[in-house]
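Chemist: Predicted model follows, preceded by the sequence.
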Amino acid sequence: MIKITLSAIAILTMASPVTVSLSADEGFSLLGNAKFNGEIRPRYETVDDESTASGSAANAMTVRAVLGLEAQLLGIEGLSGKVEGTTVQSIGGEHYYSVTNSRSSTAYDTIADPQQSRITQAYLHYKLNKTTAKVGRQIINIDNQRFVGSVDWRQMPQVFDAALISDNTIDALTLTGAYVWGRDLAINNNPTSKTNSIILNGSYKVSDMLKITAYDYMISSASDTVGIALTGTLPFANAKVAYRAEYASQGDASRDTDNLPANQNVQADAYYYNLDLKADMNGFFAGAGYEFLSGTTTTDGKTKFQTPLATLHAFNGWADKFLATPTGGLKDTSVTLGYSAAGLGKAMVVYHDFATDVEMGGKSDLGNEWDLLYTNAIPGVKGLNALVKAAFYNAGDVNPTTTYADTDKIWLQLDYKF
């Protein structure tokens with residue numbers, strides 16, 4: 001796989017960034033207005049998980065390298081294509097468990113960035129007026145990525161094999177629909193996972209103060225999730241207050257991945273809501289949020305609320321303790337403070353308090369977490385950014401020595417895009 005992907009990247013590198021003409025007399029061209037894009041993202045990550053089942057503290061130095069080519073095809077107006085390859089490599093040895101490497105989770109803590117290489121995008125794109133369509137392997141980020149996202153924080157993104165159409169013909173109305181037949185997870189040592197999912201999302205912007213978004217995510221052999229979100233920005237004196245109010249219910253899966261009995265007629269019964277406020281004034285910002293994912297006692301006929309296609313790292317703390325919703329569900333109360341200004345960068349601190357929806361073993365305290373971040377552009381180098389980030393999770397009384405044990409994570413990263 002590595003050889004295939006690196007060969008593809010080499011071919012892209014040799015491609016001419018100008019139109020390739022097959023018949024100059026007729027004005028026919030195979031490739032036109034070709035554009036390259038790329039990224040180099042070295043990152044140092046350290047993880048210290050105090051779980052009795054985990055190993056020694058992990059340290060990883062990994063590098064993401066991306067190279068892509070996008071061009072107009074066959075001289076047809078509105079028709080283009082893109083091919084992009086991504087490779088992730090470890091530098092200085094693998095002193096961590098990557099989920100797929102030869103190390104053991106009992107020897108090292110987990111850092112979920114295995115060495116791997118893939119074609120991460122390869123699609124045809126057609127645009128007609130305000131309607132666009134994409135077919136092939138692609139990155140899909142819907143809304144705030146709570147339900148569908150590319151997991152871009154990990155060095156290898158999650159990508160989808162899909163046919164997607166988006167329309168903005170009616171002013172202020174955006175409609176998006178996709179059929180997804182496969183996906184590659186951010187961590188995947190198997191061939192592309194099959195799926196048979198449909199993604200529907202529509203939003204109408206009434207004004208800056210109100211946008212209404214409705215969605216139906218039919219994830220095969222998992223659940224159907226139907227929801228509505230209200231978002232907007234409210235002016236208050238010298239401040240702007242952004243808000244999000246959202247509710248979703250999760251029911252039985254209407255679609256199946258394949259004919260395996262375990263993938264047939266999967267049942268779900270759960271719900272979700274989220275309330276967020278963020279005030280911004282002269283670069284200073286403060287926010288508060290409450291996110292609720294319902295849970296189950298396992299005997300009440302309910303299920304836990306799950307979002308299997310989401311960019312999970314962005315929610316419920318950067319220590320990633322809740323990538324899978326606890327059986328008893330999750331209540332996340334958060335507070336954010338920070339400052340952002342051109343030249344000075346962005347600094348922020350986030351505090352989370354976690355609890356279950358229903359008790360697990362008679363207990364409901366899932367602990368708390370402090371998250372810290374500073375990021376800024378590097379002066380004099382266009383496209384280069386630096387980041388320092390940390391997460392400090394403190395266990396509660398639910399499984400405090402195993403699943404939800406004390407965990408510290410620190411990241412140092414450079415990111416160069418061109």
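Modeler: That came through, no problem.

Chemist: Quick check, residue 96 in contact with residue 111.
Modeler: Yes. Using CB atoms under 8 Å, residue 96 makes contact with residue 111 at a distance of 4.1 Å. C-betas here are computed from N, CA, C, even on glycine.

Chemist: okay, and the common contacts of these two?
Modeler: Common contacts of residue 96 and residue 111, defined by CB atoms under 8 Å, 6 or more residues apart in numbering, comprise 45, 47, 58, 60.

Chemist: if you look at those residues, which of them are in strands?
Modeler: Mapping the shared contacts of residue 96 and residue 111 onto strands (DSSP state E) picks out 45, 47, 58, 60.

Chemist: List the residues that contact the third one.
Modeler: Same thing as residue 58. Applying CB under 8 Å, 6+ apart, we find residue 58 in contact with 45-48, 95-97, 108-111.

Chemist: Give the helix, strand or coil label for residue 85.
Modeler: Here residue 85 is strand, with the state taken from DSSP: H, G, I helix; E, B strand; the rest coil.

Chemist: How many neighbouring residues does it have?
Modeler: Close neighbours of residue 85, defined as other CB atoms under 10 Å, add up to 25.

Chemist: Could you check how far it is from residue 198?
Modeler: Here residue 85 is placed at a distance of 28 Å from residue 198 (CB to CB, to the nearest Å).

Chemist: Need the nearest residue in space to residue 269, chain neighbours excluded.
Modeler: residue 302 (5.0 Å; CB to CB, 6 or more residues apart in numbering).

Chemist: Phi, psi for the one you found please.
Modeler: Main-chain dihedrals, residue 302, degrees, to the nearest 10: phi -100, psi 170.

Chemist: was I right about it contacting residue 271?
Modeler: No. Under the criterion of CB under 8 Å, residue 302 is not in contact with residue 271, lying 9.4 Å apart.

Chemist: hey, what's in contact with both of the two?
Modeler: Jointly contacting residue 302 and residue 271 under the rule CB under 8 Å, 6+ apart are residue 294.

Chemist: now the shared contacts of residue 96 and residue 111 in TSV, with pLDDT and distance to residue 135?
Modeler: As requested, the shared contacts of residue 96 and residue 111 are arranged in TSV below (pLDDT from 0 to 100; distance: CB to CB, whole Å):
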residue	pLDDT	distance to residue 135
45	98	35
47	98	39
58	96	39
60	97	36
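
Chemist: Give me the buried subset of those.
Modeler: Buried members of the shared contacts of residue 96 and residue 111, scored by 16 or more other CB atoms under 10 Å, are 45, 47, 58, 60.

Chemist: Going by distance to residue 154, which of the residues you listed wins?
Modeler: Closest approach to residue 154 among these (CB to CB): residue 45, at 10.5 Å.

Chemist: For the closest one, give me its contacts.
Modeler: 58-60, 62, 96, 111, 113, 409-411.

Chemist: How about the residue nearest to residue 96 when sequence neighbours are not counted: which residues does it bridge to?
Modeler: Among residues not flanking residue 96 along the chain, residue 58 sits closest, at 3.6 Å (CB to CB, 6+ apart). Bridge pairing for residue 58 (DSSP bridges) gives the partners residue 47.

Chemist: what does the one 4 residues further on give?
Modeler: With beta bridges defined as DSSP bridges, residue 62 has these partners: residue 43, residue 90.

Chemist: re the thing from before, would you mind putting the shared contacts of residue 96 and residue 111 into a markdown table with distance to residue 32 alongside?
Modeler: Compiled in a markdown table, the shared contacts of residue 96 and residue 111 are given as follows (distance: CB to CB, whole Å):
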| residue | distance to residue 32 |
| --- | --- |
| 45 | 41 |
| 47 | 47 |
| 58 | 47 |
| 60 | 41 |
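
Chemist: quick one on the thing from earlier: including distance to residue 330, could the contacts of residue 45 go into TSV?
Modeler: Shown next, in TSV, are those (distance: CB to CB, whole Å):
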residue	distance to residue 330
58	25
59	29
60	27
62	29
96	27
111	23
113	25
409	19
410	24
411	24
